[in-house]
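Enquirer: 3D, please:
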Amino acid sequence: MHTLKLIAAGFALLGALHFLARRLKLGGGDPTGLAVKLFLPIWLVASLVNLWLGVNRAGYTLLQEMPFFSLVFGLPAAFAILLFLKFR
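Expert: Numbering: from 1, shown residues only. So this is what the prediction gives:
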C-alpha cells in the first residue's frame, strides 16, 4: 500500500508542476517540458530518500528495496518522459 501511495504522489507532483508551469506561463512555449525537467530530479531525490528510509529505518536490505525503488521512481518518471516526447 505504501508503494501505491508513493507512486500516486509522484503523479500528483508531476500534475502540480505541470499545472503551475501552465498557470504561471513558465517555460516559454513549453510548460510541459519545464514541468518534466523540474519533476525528474525532484522525484529522483524523493525516491532515493524513500529508499534510504526503507534500508535504514524499516530494516530492509538494499536488495529488497531496489524493486520498489524501480517502481516508485520508474512509473511516474516514464510517464513524464512520455508526456515530454508527446508534447514537445
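Enquirer: When you work out contacts or count neighbours from here on, use the C-alpha atoms and nothing else.
Expert: Noted.
Enquirer: what about the helices in the chain?
Expert: 2-23, 31-56, 62-87 (DSSP state H).
Enquirer: Show me what the last one is packed against.
Expert: Read that as helix 62-87. Packing contacts for helix 62-87, counted by 3 or more CA pairs under 8 Å, 6 or more residues apart in numbering; DSSP states H and E, involve helix 2-23, helix 31-56.
Enquirer: what is the orientation angle of that helix with helix 31-56?
Expert: Calculated by axes from the mean of the first three to the mean of the last three CA atoms, to 10 degrees, helix 62-87 forms an angle of 180 degrees with helix 31-56.
Enquirer: Helix 62-87: which residues count as buried?
Expert: 65, 68, 69, 71, 72, 73, 74, 76, 77, 80, 84 (16 or more other CA atoms under 10 Å).
Enquirer: State the mean pLDDT of that helix.
Expert: Mean pLDDT, helix 62-87: 96.
Enquirer: how big is the angle separating it from helix 2-23?
Expert: Using the same axes, to 10 degrees: helix 62-87 against helix 2-23 is 30 degrees.
Enquirer: I'd like the distance from helix 62-87 to the chain centre, please.
Expert: 7 Å (CA atoms, centre = their mean, to the nearest Å).
Enquirer: sorry, back to before: could you dump the buried residues of helix 62-87 into a markdown table with distance to residue 36 added?
Expert: Output for the buried residues of helix 62-87, formatted as a markdown table (distance: CA to CA, whole Å):
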| residue | distance to residue 36 |
| --- | --- |
| 65 | 25 |
| 68 | 22 |
| 69 | 19 |
| 71 | 18 |
| 72 | 16 |
| 73 | 13 |
| 74 | 14 |
| 76 | 10 |
| 77 | 9 |
| 80 | 6 |
| 84 | 7 |
